[in-house]
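Engineer: here is a sequence together with a model predicted from it:
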Amino acid sequence: MRIVIVGASGNVGTALLRRLRQESEPEPELVGVARRLPGPDAGEPYDRVEWHSCDVGAPGAADKLAAIFAGARAVVHLAWQIQPSHDQRTLHRTNVGGSRAVIDAVVRAGVPALVHASSVGTYAAGPKDHPVSERWPATGVPGSSYSRDKAEVEALLDSVERERPELRVVRLRPGLTFQRDAGTEITRYFVGPLAPVRLLRYGRIPLVPSNRRLRMQAVHADDVADAYARAVLSEARGPFNIAADPVLTPELLARHFHGWTVPVAAPVLRAAAALTWRARLQPVDAGWVDLALNAPLMSSDRAETELGWTARIDALTALKELFAGMAHTAETAAPPLSGLLYTPPSPRDYAASCMPP
């Protein structure tokens, strides 16, 4: 049973490798695709994996991917680029163009199943007082480039489902995904080097910005990985929301991290994010504030019913684990989860990594 994981060295990919190792009848043949590969001495869970280097958004990527995908039972597409946020063209090339290359390669290789990493970010603005099902419009939040790209890729999946009904397409839409080993990566991508994250080791956040629409859902990476494994190994089709209780609110965080809430109006939150991002004091633009304020709460009933999935780790525990990882600079031997800085690929890198083998 050959399973190819595109983006296998990242946050969810690492957890999925761990989860699929638990399958023994039959034991899966795991194939990992990433632009930057773990070293030969990386150890678990990166050992006993057939690794291929490829930037999915590069010219010629679909040709190489089709060769890698040949004979696979399923392809899991997890690759997604968050930084550099100041270069939207590069992000769109990787996230939308790369997803198109993966979809094309799956079709050309005759792979029977594609399991795609979507997100709560694909949804249009929605309610914060009750959860929505997978029927909520997946058209994105206009102010967020991340959300727009997620929605654009879902539209690509809609097209391939119409044109290739024999292809089993699954879309997982998780909330914020946390684990301890992602501490260094998430600090780099979303917080930046100036934030005093080491203070988190004392379990305190003195001030928590509060707004009635800052209500978000999270899930542990191991639980997300279990959902992916169930999607791969079943005959499920379509979208699935993946989130754990409780809903994370400013009041909940202040209570558990011994702080105080500070009411902040949405325009102030957006303006502060925009100004500090433009000054390069922190790495995320105001679109992430728009997404946090507008992404709906999700119901995971369909995943529980059709995949048999339930979260084993609650959202608050997952967040505490992440904060511990951030405070102690937790990392793994895989480049995305390590302290290595992102380096944009050069044309020579493209030629070396994404030409057909």
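Structural biologist: Happy to help now that I have it. Numbers count the residues shown, from 1 in each chain.
Engineer: spatially nearest residue to Thr329 (excluding sequence neighbours)?
Structural biologist: Ranked by CB to CB, 6 or more residues apart in numbering and with sequence neighbours excluded, the top spatial neighbour of Thr329 is Thr184, at 5.3 Å. Just so you know, the C-beta spots here come from the backbone N, C-alpha and C atoms, and that holds for glycine as well.
Engineer: just the strands in the stretch 101-250 of the chain please.
Structural biologist: For the stretch 101-250 of the chain, the strands defined by DSSP state E, counting those that start in this stretch occupy 113-117, 168-174, 176-178, 207-210, 216-220, 238-242, 244-248.
Engineer: quick one: contacts for Asp223?
Structural biologist: By CB atoms under 8 Å, 6 or more residues apart in numbering, the contact set of Asp223 is Ile242, Ala244, Trp309, Ala311, Arg312, Ile313.
Engineer: with Pro112 instead?
Structural biologist: Pro112 touches Arg73, Ala74, Glu166, Leu167, Arg168, counting by CB under 8 Å, 6+ apart.
Engineer: and which of those is nearest Val197?
Structural biologist: Top of the list for closeness to Val197, among the contacts of Pro112 and by CB to CB, is Ala74 at 36.7 Å.
Engineer: give me the distance between the closest one and Leu337.
Structural biologist: 23 Å (CB to CB, to the nearest Å).
Engineer: same question, Ser133
Structural biologist: Taking CB to CB, one finds Ser133 at 33 Å from Leu337.
Engineer: what about the nearest residue to Arg173 once chain neighbours are set aside, neighbour count?
Structural biologist: Nearest residue to Arg173, sequence neighbours excluded (CB to CB, 6+ apart): Ser118, at 4.7 Å. Neighbour count for Ser118, taken as other CB atoms under 10 Å: 24.
Engineer: centre of the chain to stretch 91-111, how far?
Structural biologist: 16 Å (CA atoms, centre = their mean, to the nearest Å).
Engineer: quick one: end-to-end distance for it.
Structural biologist: By CA to CA, to the nearest Å, the extent of stretch 91-111 from end to end equals 26 Å.
Engineer: what are the buried residues along that stretch?
Structural biologist: Using 16 or more other CB atoms under 10 Å as the test for burial, stretch 91-111 gives 91-107, 109, 111.
Engineer: what lies in contact with that stretch?
Structural biologist: Contacts of stretch 91-111 (CB under 8 Å, 6+ apart): 4, 6, 55-57, 61-63, 65-70, 72-75, 77, 79-82, 84-85, 114, 116, 145, 149-150, 152-153, 156-157, 160, 164, 167.
Engineer: list the contacts for Leu307?
Structural biologist: Neighbouring residues of Leu307 by CB under 8 Å, 6+ apart: Ala227, Arg230, Ala231, Ser234, Ala236, Phe240.
Engineer: settle it for me: which of Ser133 and Leu337 has more neighbours?
Structural biologist: Between Ser133 and Leu337, counting by other CB under 10 Å, Leu337 is the more crowded of the two (25 against 12).
Engineer: number of nearby residues for the residue nearest to Thr329?
Structural biologist: Counted with other CB under 10 Å, Thr184 comes out at 21.
Engineer: same check on Tyr202?
Structural biologist: Using other CB under 10 Å, Tyr202 has 10 other residues around it.
Engineer: Glu163 too?
Structural biologist: Residues contacting Glu163 under the criterion other CB under 10 Å number 9.
Engineer: returning to what we had before: just the pLDDT for the residue nearest to Thr329.
Structural biologist: On pLDDT, Thr184 comes in at 94.
Engineer: so it makes contact with Ala327?
Structural biologist: No: if you go by CB atoms under 8 Å, Thr184 and Ala327 don't touch, sitting 10.7 Å apart.
Engineer: check contacts around the residue of the chain most remote from its centre.
Structural biologist: Centroid-distance maximum for the chain: Trp260 at 29.9 Å, with CA atoms, centre = their mean. Residues near Trp260 by CB under 8 Å, 6+ apart: Pro206, Leu207, Val208, Ala254.
Engineer: which residues touch the residue nearest to the first one when sequence neighbours are not counted?
Structural biologist: It stands for Pro206. Excluding its sequence neighbours, the residue lying closest to Pro206 (CB to CB, 6+ apart) is Gly259, at 5.0 Å. Applying CB under 8 Å, 6+ apart to Gly259 gives the contacts Arg204, Ile205, Pro206, Leu207, Val208, Leu253.
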